[in-house]
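K.L.:
no sequence for this one, just the structure:
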Ligand SMILES: Nc1ncnc2c1ncn2[C@@H]1O[C@H](COP(=O)(O)OP(=O)(O)OP(=O)(O)O)[C@@H](O)[C@H]1O
Ligand SMILES: O=C(O)c1ccc[n+]([C@@H]2O[C@H](COP(=O)([O-])O)[C@@H](O)[C@H]2O)c1
């Protein structure tokens, strides 16, 4: 069986906290690959400001330097909320030779009780959880915890800094910064 980590996210934009978490989980759990999964319409966010094709492209640019990282656009092909259970059922059907670990930060660990069909989902796949500043990793759900050097950064912070004209170098991969500048994202 191939062991595959899935990092689902809005990636508006992707940042080095995502890359750090993915690489730490990959090595700690000896996963073969990490698939970055941009969410079409994230279930608990009302709207995403940036169109899906741009978030997909930024995610492709972000992962370029790691040969174990791939991007999977499956959720962008579906309309309606991107429930993880639907995605993972489809991925399992299409890749019967793979065992999936869904990677989540501590904010999402806290939110697990509210996930759609969470009991069924937690029987279907494994969860890998990473710490994140300001959130507890305690949960009643079975989560493989991976302790990472906390990088206190979020897409919200990146968007805010760009809007205020502050540097995001070393917070966001250079190629993503280039894309953001070319398309004048997050400036207003
Ligand atoms: N700095 C970080 N450290 C660890 N995990 C993170 C970090 N940033 C994001 N994650 C995790 O990555 C996944 C995708 O996150 P997402 O794309 O929503 O980024 P975000 O920074 O949380 O965005 P936003 O600020 O817009 O809510 C989530 O499971 C989230 O918990
Ligand atoms: O399926 C659900 O109910 C569910 C609820 C909250 C979050 N998720 C998934 O968790 C991942 C991280 O979410 P977000 O909003 O932090 O980008 C992303 O892949 C979401 O689709 C999934």
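P.N.:
Nice, thanks for sending it over. On a predicted model such as this, the values are computed, not experimentally measured, just so you know. Numbering: from 1, shown residues only. Ligands and ions are numbered 1, 2, ... in the order given.
K.L.:
hang on, residue 184 in a helix?
P.N.:
No - counting by DSSP: H, G, I helix; E, B strand; the rest coil, residue 184 falls outside a helix, being coil.
K.L.:
roughly how far apart are it and ligand 2?
P.N.:
23 Å (C-beta to the nearest ligand atom, to the nearest Å). For glycine as for every other residue, the C-beta is placed from the backbone atoms N, C-alpha and C.
K.L.:
again, but for residue 74
P.N.:
Taking C-beta to the nearest ligand atom as the measure, residue 74 and ligand 2 are separated by 11 Å.
K.L.:
check residue 147 too.
P.N.:
Per C-beta to the nearest ligand atom, residue 147 is found 20 Å from ligand 2.
K.L.:
backbone dihedrals for the residue nearest to that residue when sequence neighbours are not counted, please?
P.N.:
Spatial nearest neighbour of residue 147, excluding adjacent residues (C-beta to C-beta, 6 or more residues apart in numbering): residue 131 at 6.1 Å. Taking degrees, to the nearest 10, you get phi -70, psi 150 for the backbone angles of residue 131.
K.L.:
count of neighbours near residue 131?
P.N.:
18 (other C-beta atoms under 10 Å).
K.L.:
show me what contacts it?
P.N.:
Counting by C-beta atoms under 8 Å, 6 or more residues apart in numbering, residue 131 touches 105-106, 137, 145, 147-148, 150.
K.L.:
can you check residue 114 too?
P.N.:
Contacts of residue 114 (C-beta under 8 Å, 6+ apart): residue 44.
K.L.:
okay, it: pLDDT?
P.N.:
In this model, residue 114 is scored at 95, pLDDT.
K.L.:
now swap in the one 5 residues further on and tell me
P.N.:
Model confidence at residue 119, expressed as pLDDT, equals 96.
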